[in-house]
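Enquirer: just to be clear, the model below is a prediction. Sequence and coordinates:
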Amino acid sequence: MDAHHDIVRKAREQAGTGTLRYFAYSTILDAEAFETWRSQHGYDDFTLPKGRLAEAQDVALVYDFPSRWWGGRVAGLADAPGQVTHGVLFEIAAKDWPVVQHKEGAVTGMSIERTVKVRVGGEVLEAVAFVTAPARKSGDGPVSQSFVEALVRGARSAGLPGSWVDGLAASAK
């Protein structure tokens, strides 16, 4: 566990009811990376619910956050009219939202929440995605290859389209 666990615990205790829509496109989809993070941070009581395949509209995957933990830049989203980013839409219980915020780096100021429009099934819904905090964005340094490997594993295991999975590694160059 780290120092942020108490912040998250208190937020969970104070959370209301209901759910939030969460668009996940990154390493939270990789069971190996997620389980490692979850156990290191003491969230054994949290599991992701079943999600639905979705496409975030008018955003592109970009490698704009230099991560010491991953040893290079990792992915965020940037506005890109006409483009889509594939991922999974989850309905997260309000009491579990602080765990997602911690996993995505919002608790530590690495990321911020933003609303994205996602196409799921035949409808377009609003959901929250996490993107790099503006003050933390940088294109300096290499893209983390271990991050890209986890991204590809997660996308593949989530059942994202093969063309998307194939393009992930190429997009990191």
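Expert: That came through fine.

Enquirer: for the protein, which segments count as helices?
Expert: 4-14, 31-40, 97-104, 145-158, 162-171 (DSSP state H).

Enquirer: any idea which of the ones you listed scores lowest on pLDDT?
Expert: For those, the weakest mean pLDDT is recorded on helix 4-14, namely a mean of 70.

Enquirer: go ahead and confirm residue 20 touches residue 96.
Expert: No. Applying C-beta atoms under 8 Å, one finds residue 20 not in contact with residue 96, separated by 9.1 Å. Using the backbone N, CA and C atoms, a C-beta is placed for each residue, glycine as well.

Enquirer: which of the helices of the chain sits closest to residue 90?
Expert: helix 97-104 (8.3 Å; C-beta to C-beta).

Enquirer: with neighbour numbers in mind, choose between residue 20 and residue 96.
Expert: Counted by other C-beta atoms under 10 Å, residue 20 and residue 96 do not tie: residue 96 has more neighbours, with 22 against 15.

Enquirer: if we ignore the residues flanking it in sequence, what's nearest the more buried one?
Expert: Nearest in space to residue 96, with sequence neighbours left out and distances taken as C-beta to C-beta, 6 or more residues apart in numbering, is residue 46 at 5.8 Å.

Enquirer: ok, the one you found - how many residues close by?
Expert: 20.

Enquirer: OK, contacts around it?
Expert: 38, 96, 99 (C-beta atoms under 8 Å, 6 or more residues apart in numbering).

Enquirer: per-residue pLDDT, the second one?
Expert: We note a pLDDT of 92 for residue 96 in this prediction.

Enquirer: that one and residue 65, how far apart?
Expert: 24 Å (C-beta to C-beta, to the nearest Å).

Enquirer: sorry, back to before: ok, which of the helices of the chain comes nearest residue 83?
Expert: Short answer: helix 162-171, nearest of these by C-beta to C-beta, at 11.3 Å.

Enquirer: hmm, who's touching that closest one?
Expert: Helix 162-171 has contacts (C-beta under 8 Å, 6+ apart) with 61, 63, 86, 148, 151, 152, 155, 156.

Enquirer: what residues sit buried inside that helix?
Expert: Judged by neighbour count (16 or more other C-beta atoms under 10 Å), helix 162-171 contains these buried residues: 164, 165, 168, 171.
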